[in-house]
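Novice: Fold the following, please.
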Amino acid sequence: MREQRLRVELPAVLSLGSNLGDREATIRAAVAEIAALDEVVVIAASSLVESAAVKLDGVDEEAPAYLNAVVAIRTSLDPDELLSAINTIEHDHGRVRDVRWGDRTLDIDIVDFGGLRIDTDRLTLPHPRAAERGFVLVPWLEIEPLASLLRHGRVDALPAAGLDDVHPYPARPLL
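Specialist: Okay, here's the model as predicted:
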């Protein structure tokens with residue numbers, strides 16, 4: 001008799017952003033690649049939104065604007081396995097990590113993973129700055145109006161969820 005392992009699926013929220021190259025095509029391709037990962041099912045994808053680039057020193061109006069989206073998934077991967085998989089997708093799209101918070105072809109962050117709290121050298125969950133980023137919260141609320149973020153509460157009650165610095169981007173749906 002063959003031994004079977006029980007794999008539990010947990011919900012997770014991923015945030016995608018791009019401000020270099022064909023931003024829309026990159027995000028669309030990344031969503032498709034996330035959906036093609038073994039042990040990952042994309043449940044919902046937000047519309048695209050556009051926002052100014054945020055750098056270590058704050059908003060950089062001189063840098064190319066970002067396109068952003070959020071996807072909700074279910075996965076039986078553990079958080080480190082998911083991080084490795086999305087890092088591979090970033091790399092395949094030319095992501096370079098020379099400058100912290102620099103311009104990039106693709107950035108994929110794990111915002112939330114089943115409500116887990118993790119703090120390692122490699123991964124912090126929930127994402128440490130998600131509660132401050134309208135470009136994460138606005139599209140997240142579009143697909144999960146009752147979303148909640150560990151240590152912060154309801155997403156719709158967070159100040160960044162109402163910021164005017166996130167603008168709809170005219171495009172067909174990601175899914």
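
Novice: middle-most residue in the chain, spatially?
Specialist: Nearest to the mean C-alpha position of the chain, by CA atoms, centre = their mean, lies residue 15 at 1.1 Å.

Novice: Bridged to that residue, which residues?
Specialist: residue 70, residue 109 (DSSP bridges).

Novice: Quick check: buried residues in the lowest-mean-pLDDT helix or strand in the chain?
Specialist: In the chain, no helix or strand scores lower on mean pLDDT, DSSP states H and E than strand 58-60, which sits at a mean of 83. Using 16 or more other CB atoms under 10 Å as the test for burial, strand 58-60 gives residue 60. Bear in mind the C-beta positions are built from the backbone N, C-alpha and C, glycine included.

Novice: thought the residue nearest to the centre of the chain was touching residue 68?
Specialist: Yes - here residue 15 lies in contact with residue 68, judged by CB atoms under 8 Å, at a distance of 6.8 Å.

Novice: Return every residue with contacts to both of those two.
Specialist: 135, 136, 139 (CB atoms under 8 Å, 6 or more residues apart in numbering).

Novice: Which of these fall in helices?
Specialist: 135, 136, 139 (DSSP state H).

Novice: Is there a neighbour count for the second one? I'd like the number.
Specialist: Residues near residue 136, counting by other CB atoms under 10 Å, number 31.

Novice: For stretch 108-122, the averaged confidence score.
Specialist: On average, the pLDDT along stretch 108-122 is 96.

Novice: for stretch 164-175, that is, sorry about that
Specialist: What stretch 164-175 shows for mean pLDDT is 89.

Novice: Please apply the same query to stretch 131-148.
Specialist: 96.

Novice: Outside of that stretch itself, which residues are in contact with it?
Specialist: 13, 15, 17, 44-49, 51, 54, 66, 68-72, 109, 111, 127, 130, 149, 152, 154-156, 158, 160-163, 165-166.
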